[in-house]
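1. 3D model of this:
(one chain, ligands or ions: 1)
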Amino acid sequence: MSDLILFWHRRDLRISDHTGLAAAREKSAKIVGVFCLDPQILASDDIAPVRVKYMIGCLQSLQERYQQAGSQLLILQNDPVIAIPKLATALKAKAVFWNWDVEPYSQTRDLAVIEALKTQGIEFLNDNWDQLLHSPTEIFSGAKTPYTVYTPFWKNWITKSKAKPVETLANLENLTAEEQEISQLTGTINLPSAADLGFIWDAELIISPGELVAQEKLDNFAKSAINEYQEQRNFPAIDGTSQLSAALKFGVIGMRTIWQTTIEALANGNSEEVNASIQTWQKELAWREFYQHAMYHFPELAKGAYRDTFKTFPWQNNEKYFQAWCEGKTGYPIVDAAMRQLNETGWMHNRCRMIVASFLTKDLIINPQWGEKYFMQKLIDGDLSANNGGWQWSASSGMDPQPLRIFNPASQTQKFDAEAEYIRQWIPELRYVSPEYLVTGKIPLLDYYGTNYQQPIVDHKQQQALFKQLYQQQKVIG
Ligand SMILES: Cc1cc2nc3c(=O)[nH]c(=O)nc-3n(C[C@H](O)[C@H](O)[C@H](O)COP(=O)(O)OP(=O)(O)OC[C@H]3O[C@@H](n4cnc5c(N)ncnc54)[C@H](O)[C@@H]3O)c2cc1C
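-> Below you'll find the model as predicted:
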């Protein structure tokens, strides 16, 4: 009989193209998966019910995938620092394997698990960076320091050779009947629903869970939309992007598989435009890695502004404005449409994420951390590194060298939603207002009476002048 290896899944809910599982499979055929519902994570105040529902769906699919491979995925609901070593000890596991993560909480927790395993004499392997093409310990500047600017990071990152997808887990041995009983006595449970955990999301998921769905999504994207990505990705009324962010957040698809798809697409690309489009998409994948590396090297990013000027910025933090922003009732149609898309579906188009983040910070002069947290409370793909990176970029508080980027909601709409299709989709009360008013945001007074739509809560021109003034003062103080 083979030695038992427990594989602890966290943000890698699949069995295909999985480097940690492949490493475990080289050692033994007896691999049993385990996922621990961590009460500390579930109790934090930035969890989106839609994200939990998606995750539970992915766990269900992972259970099926394990069964097909001949084994199973066990579920625990307890502090992993206690529960994982306890289960491994009870089952006399030879080793516990998992993939390493960049987030500060994960790293502290994992070190505690390692200590507990060591005291039990159980082996562990945790140095796989499955969710990245290149680990944060691989990419450094000429001065051997981590990059703080994206473009030089990309130039270096793209030159590094990338691993091929690894084989899907198969032909496994399962626990014996006796071991099954022991695992139950040690606290394994049936997979609960999101509602059982107290997270209610009644609407249909905008993105179906599971690795087979994610693979299909990738295949469909690679068949057509990737070829026009550069052109189409900025228009929120068009399905021009992959919508793979939730799958990537939970590791429902492997990064090597995604990369390989882009290489094949480039090989089949029949024009310079098509190849430029594919490379633009590759650059987005590199943004994801850049922000994860940044979080690993500068964990203080999770706590607030990176730039000194913004560490003590006099944010006005008007609660009524914040509420209006959250509810999509600012009177700025593009901002409101985007916030309503987020509230109703748990997803928002990237262009709109940038617009609403700029609006919250530069027009409403509200601390970006408020917006960052609200996004985490709503997004199906909410991810600490990407979300923090996006907010710091938009607020000008991050590592980006171009500090004052202020989006004008009207000109953004004219460029990216010129027919106001997106606005009319998400703001039903504006459906019958002429697009020419919606794109400028200058809606005739008469239309407000007919629609009940909110008049603008602030004046963009005035607010951007105020923001610039505060910024200049702050620079002098700083
Ligand atoms: C304020 C703000 C907050 C954001 N919060 C998140 C978040 O919580 N989770 C998240 O995954 N993305 C976040 N993003 C990045 C981006 O908006 C989403 O990744 C993208 O909209 C997801 O759609 P897609 O999968 O169709 O992307 P595509 O355009 O198809 O891109 C492919 C993949 O590349 C990655 N990616 C693309 N753009 C970025 C980016 N700017 N930064 C990091 N990774 C990127 C994502 O994993 C994405 O799935 C945020 C952006 C901003 C401006």
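2. residues touching the residue in the stretch 251-400 of the chain that the ligand sits nearest to, list them.
-> Using C-beta to the nearest ligand atom, the single residue of the stretch 251-400 of the chain nearest to the ligand is residue 390, 2.4 Å away. The way it works is simple: take the backbone N, C-alpha and C, and place the C-beta from them, glycine included. By C-beta atoms under 8 Å, 6 or more residues apart in numbering, residue 390 lies in contact with 353, 354, 357.
3. so which of these would you say is closest to residue 38?
-> Within the contacts of residue 390, distances to residue 38 taken as C-beta to C-beta reach their minimum at residue 353, with 27.0 Å.
4. Tell me the spacing between that closest one and residue 170.
-> Separation of residue 353 from residue 170 (C-beta to C-beta, to the nearest Å): 39 Å.
5. more crowded one of these two?
-> residue 353 (22 against 12; other C-beta atoms under 10 Å).
6. In the helix or strand that contains the more buried one, which residues are buried?
-> Assigned by DSSP states H and E, residue 353 falls within helix 350-358. Residues of helix 350-358 classed as buried under the neighbour-count rule (16 or more other C-beta atoms under 10 Å) are 351, 352, 353, 354, 355, 356, 357, 358.
7. Which members of those additionally contact the ligand?
-> 353, 354, 357 (C-beta under 6 Å from any ligand atom).
8. isn't the second one right up against residue 394?
-> Right, residue 354. Yes. Using C-beta atoms under 8 Å, residue 354 is in contact with residue 394, at 5.7 Å.
9. which neighbours does the strand ranked longest in the chain have in its sheet, and in what orientation?
-> For the chain, the longest strand by residue count, based on DSSP state E, is strand 30-37. Sheet neighbours of strand 30-37, with direction, are listed as strand 4-9 (parallel), strand 73-77 (parallel) (DSSP bridges).
10. what comes up buried for the shortest one?
-> Buried positions in strand 73-77, judged by neighbour count with 16+ other C-beta under 10 Å: 73, 74, 75, 76, 77.
11. now the angle from the helix or strand just after that strand to strand 30-37?
-> As assigned by DSSP H and E, the chain's next helix or strand after strand 73-77 is helix 80-90. Interaxial angle of helix 80-90 relative to strand 30-37 (axes from the mean of the first three to the mean of the last three C-alpha atoms, to 10 degrees): 150 degrees.
12. can you pull the buried residues of helix 80-90?
-> 80, 81, 83, 84, 85, 86, 87, 88, 89.
13. Just give me how far stretch 239-258 sits from the chain centre.
-> With C-alpha atoms, centre = their mean, to the nearest Å as the basis, stretch 239-258 stands 10 Å off its chain's centre.
14. Flag every buried residue along it.
-> Here stretch 239-258 shows 240-258 as buried, counting by 16+ other C-beta under 10 Å.
15. Just the C-alpha atoms of that stretch, please, in CSV.
-> What follows is stretch 239-258, C-alpha atoms only, in CSV (Å, rounded to 0.1, in the frame of the first residue of the first chain):
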residue,chain,number,x,y,z
ASP,A,239,-18.3,40.7,-24.0
GLY,A,240,-14.7,41.3,-25.2
THR,A,241,-12.8,39.9,-22.3
SER,A,242,-12.3,36.4,-21.0
GLN,A,243,-14.2,36.6,-17.7
LEU,A,244,-11.7,34.1,-16.3
SER,A,245,-10.8,36.2,-13.2
ALA,A,246,-12.9,34.2,-10.8
ALA,A,247,-11.5,31.0,-12.1
LEU,A,248,-8.0,32.4,-11.7
LYS,A,249,-8.7,33.7,-8.3
PHE,A,250,-9.6,30.2,-7.1
GLY,A,251,-7.2,28.4,-9.3
VAL,A,252,-9.9,26.6,-11.2
ILE,A,253,-7.7,26.8,-14.3
GLY,A,254,-3.9,26.4,-14.5
MET,A,255,-1.7,29.3,-15.5
ARG,A,256,0.4,27.1,-17.7
THR,A,257,-2.7,26.0,-19.6
ILE,A,258,-3.7,29.6,-20.1
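16. Is it in proximity to the ligand?
-> Yes. For stretch 239-258, a contact with the ligand is found by C-beta under 6 Å from any ligand atom, at 241, 242, 243, 244, 245, 248, 249.
17. Could you export those to CSV, including columns for pLDDT and secondary structure?
-> Output for these, formatted as CSV (pLDDT from 0 to 100; DSSP: H, G, I helix; E, B strand; the rest coil):
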residue, pLDDT, secondary structure
241, 98, coil
242, 98, coil
243, 97, coil
244, 98, coil
245, 98, helix
248, 98, helix
249, 98, helix
